[in-house]
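>>> Quick one: sequence plus predicted model below, questions after.
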Amino acid sequence: MSVPPRLALRGDLLDFTQDPGLDVRQPAGVRFRADHWLLVEGGRIVGVQAQDPGEGWQRVDHRGRLVLPGFIDTHVHSAQIDVIGAWGTQLLDWLSTHTFPAEQRMADPAHAAVISELFVESLLAHGTTTACVFPTVHAVSVDTLFAAAQSRGMRLIAGKVLMDRHAPPALCDDPQDVPGVERVVAAQIERWHGQDRLAYALTPRFAPTSTDAQLAMAGRLLARAPGLYLQTHVAENVDEVRWVRELFPQARSYLDVYARHGLLTERAIFAHGIWLDDADRAALAQAGAQVAFCPSSNLFLGSGAFDWPAAQAAGVGVSLASDVGGGTSLSMRRTMLDAYKVQAGAGRRVTAFTLLHAATRGAARALRLSDEIGQLEPGAAADVCVWNWATAPLAQRRQAVARDLHERLFAWLTVADERDLVETRIAGVVQPFRR
Ligand code: GUN
Ligand code: ZN
């Protein structure tokens with residue numbers, strides 16, 4: 001699994017140099033370099049060229065295949081691989097019926113290690129090379145997750161889930177001992193933040209499961225070291241929003257609960273954001289925070305339709321996320337298609353370019369990591385996924401009749417599946433995974 005010193009990947013290279021907008025069929029910023037060579041040295045991209053670089057390079061011929069920056073999943077729960085497809089409920093009932101029991105099992109270090117390994121392997125098996133992950137409240141769930149990513153050289157953002165009320169006692173930090181919890185999290189930051197390609201995120205689950213004192217603690221810790229992230233949920237479900245209004249009557253809105261505790265920063269990732277208003281969107285844009293749009297989860301849990309055009313118009317960064325296990329697949333390709341369907345259902349259109357941008361460069365920019373991930377640009381890490389344009393006869397037929405790049409990409413998003421993923425590379429290195 002070592003990186004060849006000089007690697008050249010041949011294929012159809014697609015990435016973005018600027019935001020392609022929401023519904024422009026031929027936008028600026030789409031960079032499609034058919035049959036080019038991606039040159040990689042020491043795990044980093046050093047160039048792209050049409051000519052064969054010659055003998056001095058380990059050449060890998062993916063001619064006729066699609067080479068993309070590795071996908072970025074900006075919101076996903078590792079322990080919830082055990083509850084994907086849990087039947088029958090909306091958010092609050094789904095949490096207590098399915099999710100909290102599964103998360104309690106992560107107290108067991110052996111279980112946590114198995115789940116973390118399988119989770120990270122499964123990200124790679126879907127072409128995802130970077131993720132922002134909620135493990136559970138257990139320190140061991142964080143340690144095993146970071147270890148699984150570190151052993152593969154992956155860029156991963158995660159942190160201990162914070163909860164100190166309205167959850168089973170086994171999942172709650174002691175609300176009487178905020179300093180004790182603060183010490184635990186501070187020690188984790190010390191241990192993991194900035195190690196190799198790992199970054200720590202303060203991770204209050206959502207406003208209802210944290211006291212004001214715990215949210216204030218998260219704000220204190222967030223200010224402690226540069227580059228720390230904040231991840232949480234906001235305005236996902238109407239019952240949840242009503243509950244937050246009851247619990248925090250002094251806050252102007254759900255988002256304002258977080259803002260009041262210093263959690264609205266340029267490295268904040270808010271999942272869902274379906275039931276935001278214009279003032280919330282303006283606050284997000286001003287802070288430089290992002291919304292992680294989680295379409296398969298929103299469909300599955302019946303949460304509602306995220307208003308992407310409103311977010312875009314307000315200048316809010318929008319990324320895409322699987323939100324497994326509320327979401328039904330770790331596949332960012334399926335997530336993109338679901339995002340299209342959610343927007344279509346609300347009478348809006350987004351292009352294949354919008355979707356692919358959001359899952360690569362758009363997310364990287366929102367995470368302030370655009371120098372490192374999300375583009376096939378010299379200096380970036382060679383985190384890539386390589387896909388067949390089509391394998392099954394039907395998919396081949398669909399590609400054959402596609403008239404332009406957009407139609408080819410949109411048909412690929414729609415018809416391809418994980419069998420079409422040829423390989424996933426982290427810093428140039430092919431990652432093993434089971435299919
Ligand atoms: N809100 C609070 N916790 C969760 C979770 O685990 N999944 C989703 N979809 N929403 C949440
Ligand atoms: Zn979530």
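That came in fine, so what should we check first? Residues are numbered from 1 along each chain as shown. Ligands and ions are numbered 1, 2, ... in the order given.
>>> Closest residue of the protein to ligand 1?
Of all residues in the chain, Gly326 sits closest to ligand 1, at 3.3 Å by Cβ to the nearest ligand atom. Bear in mind the C-beta positions are built from the backbone N, C-alpha and C, glycine included.
>>> and the closest residue to that residue other than its chain neighbours, what helix or strand is that in?
Excluding the flanking residues, the one nearest Gly326 by Cβ to Cβ, 6 or more residues apart in numbering is Ser297, at 3.6 Å. Element membership for Ser297, per DSSP states H and E: helix 295-300.
>>> That helix - contacts with which helices or strands?
For helix 295-300, the packing partners by 3 or more Cβ pairs under 8 Å, 6 or more residues apart in numbering; DSSP states H and E come out as helix 332-345.
>>> Report the buried residues of the helix it packs on.
Met332, Arg333, Arg334, Thr335, Met336, Leu337, Asp338, Ala339, Tyr340, Val342, Gln343 (16 or more other Cβ atoms under 10 Å).
>>> Just list what the next helix-or-strand element following it packs against, helices and strands only.
Per DSSP H and E, the first helix or strand lying C-terminal to helix 332-345 is helix 352-358. When contacts are defined as 3+ Cβ pairs under 8 Å, 6+ apart, helix 352-358 packs onto strand 6-16, strand 317-320, helix 332-345, helix 405-415.
>>> Repeat the analysis, applying 6 Å as the threshold.
helix 405-415 (3 or more Cβ pairs under 6 Å, 6 or more residues apart in numbering; DSSP states H and E).
>>> now for the following helix or strand past the helix it packs on, which elements pack on it?
Later in the chain than helix 405-415, the nearest helix or strand by DSSP H and E is strand 421-426. Under the contact criterion of 3+ Cβ pairs under 6 Å, 6+ apart, strand 421-426 touches strand 384-388.
>>> Average pLDDT for the strand it packs on, rounded please.
Taken as a whole, strand 384-388 has a mean pLDDT of 98.
>>> just checking, what packs against that strand?
So strand 384-388, by 3+ Cβ pairs under 6 Å, 6+ apart, packs with strand 58-69, strand 421-426.
>>> Return the list of strands paired to the following helix or strand past the longest one, each annotated with direction.
Once the chain leaves strand 58-69, the next helix or strand it forms, by DSSP H and E, is strand 71-77. With DSSP bridges as the criterion, the sheet partners recorded for strand 71-77 are strand 128-134 (parallel).
>>> what about the partner strand and ligand 2, any contact?
No - using Cβ under 5 Å from the ion, strand 128-134 stays clear of ligand 2, with a minimum separation of 6.2 Å.
>>> Give me the angle between that strand and strand 421-426.
In terms of direction (axes from the mean of the first three to the mean of the last three Cα atoms, to 10 degrees), strand 128-134 departs from strand 421-426 by 70 degrees.
>>> Now do the residue sitting furthest away from the middle of the chain, the pLDDT please.
Relative to the mean C-alpha coordinate of the chain, counting by Cα atoms, centre = their mean, the farthest residue is Glu55 (37.7 Å). pLDDT, Glu55: 93.
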